[in-house]
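Student: Predicted model and sequence below, questions to follow.
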Amino acid sequence: MNTGNQNLITDVAGLRVGNAQDRKLKSGSTVLLADAPFVAAVDVRGGAPGTRETDLLAPDKLVDAIDAIVLSGGSAFGLDAASGVTDALHQAGRGFAVGEARVPLVSAAIIFDLLNGGNKCWSVNPYRKLGAQAIDSAAIEFELGSAGAGTGASCSDIKGGLGSASVITRDGHTVGALVVVNPRGSVLVPGSGHFWAAPFEIGEEFGGYGISSSAPDIQLHDPRLSDNPKANTTIAVVATDAELSVAQAQRVAIAAHDGLARAILPSHTPLDGDLVFSISTGQREMRNPVSDHAELCHAAALCLSRAIARGVFEASAEEGDLLPCWRSAWGS
């Protein structure tokens with residue numbers, strides 16, 4: 001498999017991503033939208049999710065397409081970023097038609113980044129404004145690492161961040177992933193700078209650091225996880241141009257969680273809100289629906305593993321950080 005031209009989720013034609021962040025707040029928001037409404041589904045595997053408008057993504061619900069997905073920092077406060085996106089879409093005349101009214105459909109998920117050293121003493125919730133700024137900046141090219149919803153993200157032992165990756169399947173479908181890496185677990189093999197996702201790296205997209213040559217010291221009880229309230233929840237979107245039903249998209253989301261589990265140890269804990277959205281722009285038919293769908297599921301998992309490592313690899317050191325970034329700790 002090869003990556004798309006930019007190795008970003010926006011290699012899926014028609015998608016755009018926008019970031020907005022506040023460096024003093026050490027938090028931000030990210031929005032994914034398309035030229036037209038898209039099929040979407042979701043699968044939640046963590047024990048502590050924070051979401052908005054996810055029930056409507058079930059296959060038995062009325063709508064089969066939505067207008068945008070928002071990923072945000074800020075815990076429950078960050079869900080208000082979706083309000084800023086909804087306002088902007090309403091002003092643009094987009095939304096689900098109900099008589100003469102149009103209601104933008106915006107699903108959202110958040111990470112917990114309230115204890116990362118940023119100034120959280122706001123008088124007015126800042127996330128609605130961040131959501132509006134994010135959609136204003138939406139483009140095909142966007143920043144990774146300490147940007148958007150990844151601005152204040154952290155792992156158990158190192159800074160997290162916003163990651164993305166893409167791949168072209170053998171049948172010519174494009175698959176991409178977008179992820180905010182903020183897990184309670186670790187993306188690195190203990191005592192090293194080697195990523196758990198190293199076997200899936202394409203080229204040197206997260207440094208080419210390779211696979212650890214020594215057996216990792218994996219223990220059931222890891223002291224780094226004992227009392228660490230600073231980081232929990234990895235939230236992601238996987239996307240494809242293949243034409244999928246909501247039920248098929250949900251199966252892709254389920255499979256993509258395998259990629260999350262390969263890149264983060266442990267994952268899906270009771271204290272994480274791990275969640276994957278899956279979307280389809282429906283631009284390309286599947287010639288062999290069964291085998292093509294299976295390949296899309298596999299590609300989504302691979303993409304998500306790589307995107308997780310890229311998010312951490314691209315993070316940058318900033319004033320007031322409580323954890324080092326990968327480049328400072330392990331980069332040459």
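Tutor: That came through, no problem.

Student: Centre of the chain to stretch 126-140, how far?
Tutor: Offset of stretch 126-140 from its chain centre (Cα atoms, centre = their mean, to the nearest Å): 16 Å.

Student: got the contact list for that stretch?
Tutor: Outside stretch 126-140, the residues that touch it by Cβ atoms under 8 Å, 6 or more residues apart in numbering are 6, 8, 10, 15-22, 25, 27-31, 33, 68, 70, 72, 74, 77-85, 87-89, 148. No exception for glycine: its C-beta is placed from N, CA and C like everyone else's.

Student: Check which residues of it are buried.
Tutor: Within stretch 126-140, the residues scored as buried using 16 or more other Cβ atoms under 10 Å are P126, Y127, R128, K129, L130, G131, A132, Q133, A134, I135, S137, A138.

Student: Would you mind listing which of the contacts of stretch 126-140 are buried?
Tutor: Buried subset of the contacts of stretch 126-140 (neighbour count, 16+ other Cβ under 10 Å): 8, 10, 15-22, 25, 27-31, 33, 68, 70, 72, 74, 77-85, 87-89, 148.

Student: Keep only those of the residues you listed that are in helices.
Tutor: Under the assignment DSSP state H, the buried ones among the contacts of stretch 126-140 contribute F77, G78, A81, A82, S83, G84, V85, D87, A88, L89 to helices.

Student: Taking these together, which two end up most distant?
Tutor: The largest separation in these, counting by Cβ to Cβ, is between F77 and L89 at 20.9 Å.

Student: where does this structure dip in pLDDT?
Tutor: The model of the chain has pLDDT under 70 over residues 215-231, 332.

Student: so where's the longest helix in it?
Tutor: Counting residues, the longest helix found in the chain (DSSP H) is helix 289-313.

Student: buried ones in whatever helix or strand comes next after that helix?
Tutor: With elements assigned by DSSP states H and E, the helix or strand that comes after helix 289-313 is helix 326-329. Neighbour-count burial for helix 326-329 flags W326, R327 (criterion: 16+ other Cβ under 10 Å).

Student: Could you list every helix and strand that helix 326-329 packs against?
Tutor: helix 289-313 (3 or more Cβ pairs under 8 Å, 6 or more residues apart in numbering; DSSP states H and E).

Student: picking that back up, ok, the buried residues of stretch 126-140 vs L322, which is closest?
Tutor: Checking the buried residues of stretch 126-140 one by one against L322 (Cβ to Cβ), the nearest turns out to be P126, at 20.2 Å.

Student: For A301, see how far away that closest one is.
Tutor: As judged by Cβ to Cβ, to the nearest Å, P126 and A301 stand 34 Å apart.

Student: okay, stretch 281-290 in CSV with CA atoms only?
Tutor: Provided in CSV are the C-alpha atoms of stretch 281-290 (Å, rounded to 0.1, in the frame of the first residue of the first chain):
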residue,chain,number,x,y,z
THR,A,281,-17.9,10.4,0.9
GLY,A,282,-19.4,7.8,-1.5
GLN,A,283,-17.5,8.9,-4.5
ARG,A,284,-16.3,5.4,-5.7
GLU,A,285,-18.4,2.3,-5.9
MET,A,286,-17.0,-1.0,-4.5
ARG,A,287,-16.6,-3.4,-7.4
ASN,A,288,-16.4,-6.4,-5.0
PRO,A,289,-18.5,-5.3,-2.0
VAL,A,290,-17.4,-8.1,0.4
